[in-house]
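*Asks:* whatever this is, show me its structure:
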Amino acid sequence: EFDVIRPHIFGKFGDLLNAAVRHPAMLLYLDQAQSIGPDSPLASRVNARRNNKEIGLNENLAREILELHTLGVRAGYGQEDVTEFARALTGTTFAGLARGPIARLVSGAPGETVFVDAIHQPGTRRVIGRSYAQSGKAQADAILSDLATHPATAKHIAAKLATHFVADVPPPSLVAKLEADFLKTGGNLKSLYRTLLSAPEAWAAGQPKFKTPWEWTVSALRALNESMPAGDPIRV
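*Replies:* Numbers count the residues shown, from 1 in each chain. All right, here's what the predicted structure looks like:
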């Protein structure tokens, strides 16, 4: 939240997406840090020593990006898209891994995100009907860039914003306005917020959305630039 979301919250959605995907917390939590291309140079050497007991690909991050962070469920992608995207993401890891074959290849300060070409799956990838022939880190960059501005992503993000701030079942007209803004601006988040705040649907009486007591407390403390009144200070 503090390293990625806040610095990018008023910029382009694509920049926020890229930074979030490559944050060490995301790479660790979704097992991307040790995802290895099955045909990468490292995998070829290790699998040969292990009598073809393969190390290799992890699809968790790729699946979450497509399902939660960009296109959304039922947006037309399939399992092959997930697998191909996971192959494109291989090579992205971080320094400080305590063990495993990748640790010996990584240099840098602990927690620093790095790209290791020796674990990247070579070859052209095809994701959501497009081919990506780029090599190394540029391949995942190109896919993320296209996902960030995809029409399905515009619809998904518009619905998420309207649901979070206005109603659990948001007015379709509000979602449509946000979707149109996203497509027009290429995912300019500041413009999206402006559209949300200026829409009459956001201020209609009787909307069933309200903050929980904890959310209200956190919002009040942030507005007042205060810490929790008792105990150790909590950064909110």
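*Asks:* neighbouring contacts of the strand or helix carrying Ser191?
*Replies:* Using DSSP states H and E, the element containing Ser191 is helix 189-198. By C-beta atoms under 8 Å, 6 or more residues apart in numbering, the residues outside helix 189-198 that reach it are 8-13, 16, 157-158, 161-162, 165-166, 174, 177-178, 181-182, 184-185, 202. Where C-beta positions appear, they are placed from N, C-alpha and C, glycine not excepted.
*Asks:* for it, what is the average pLDDT?
*Replies:* For helix 189-198, mean pLDDT rounds to 97.
*Asks:* how about that helix as CSV, C-alpha atoms only?
*Replies:* The C-alpha trace of helix 189-198 is given here as CSV (Å, rounded to 0.1, in the frame of the first residue of the first chain):
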residue,chain,number,x,y,z
LEU,A,189,-7.1,7.3,-12.5
LYS,A,190,-7.4,10.9,-11.5
SER,A,191,-9.9,11.4,-14.3
LEU,A,192,-11.8,8.3,-13.2
TYR,A,193,-12.1,9.7,-9.7
ARG,A,194,-13.3,13.1,-11.0
THR,A,195,-16.0,11.3,-13.1
LEU,A,196,-17.0,9.3,-10.1
LEU,A,197,-17.3,12.3,-7.8
SER,A,198,-19.2,14.4,-10.4
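*Asks:* buried residues in that helix?
*Replies:* For helix 189-198, the neighbour count (16 or more other C-beta atoms under 10 Å) marks 189, 191-193, 195-196 as buried.
*Asks:* still on that earlier bit, just the buried ones among the contacts of helix 189-198, please.
*Replies:* 8, 12-13, 16, 157-158, 161-162, 166, 174, 177-178, 181-182, 185, 202.
*Asks:* give me the subset of these lying in helices.
*Replies:* 8, 13, 16, 157-158, 161-162, 174, 177-178, 181-182, 185 (DSSP state H).
*Asks:* which two of these have the greatest separation?
*Replies:* Spanning the widest gap among these are His8 and Leu174, at 23.7 Å by C-beta to C-beta.
*Asks:* Ser135: what's it in contact with?
*Replies:* Counting by C-beta under 8 Å, 6+ apart, Ser135 makes contact with Pro122.
*Asks:* tell me what the helix or strand encompassing Asp141 is packed against?
*Replies:* Using DSSP H and E, Asp141 falls within helix 137-148. If contacts are counted by 3 or more C-beta pairs under 8 Å, 6 or more residues apart in numbering; DSSP states H and E, helix 137-148 sits against helix 13-21, helix 79-89, strand 125-127, strand 130-132.
*Asks:* quick one: average confidence on that helix?
*Replies:* Averaging pLDDT along helix 137-148 gives 97.
*Asks:* could you give the angle of it to helix 79-89?
*Replies:* Relative orientation of helix 137-148 versus helix 79-89 (axes from the mean of the first three to the mean of the last three C-alpha atoms, to 10 degrees): 140 degrees.
*Asks:* okay, helix 137-148 in CSV with CA atoms only?
*Replies:* Extracted as CSV, the C-alpha positions of helix 137-148 are listed here (Å, rounded to 0.1, in the frame of the first residue of the first chain):
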residue,chain,number,x,y,z
LYS,A,137,11.4,-8.6,-19.4
ALA,A,138,10.1,-6.7,-22.4
GLN,A,139,7.7,-9.5,-23.2
ALA,A,140,5.8,-9.3,-19.9
ASP,A,141,5.9,-5.5,-20.1
ALA,A,142,4.1,-5.6,-23.5
ILE,A,143,1.4,-8.0,-22.2
LEU,A,144,0.8,-5.9,-19.1
SER,A,145,0.6,-2.7,-21.2
ASP,A,146,-2.1,-4.3,-23.4
LEU,A,147,-4.0,-5.7,-20.5
ALA,A,148,-4.0,-2.4,-18.7
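*Asks:* understood, closing this out.
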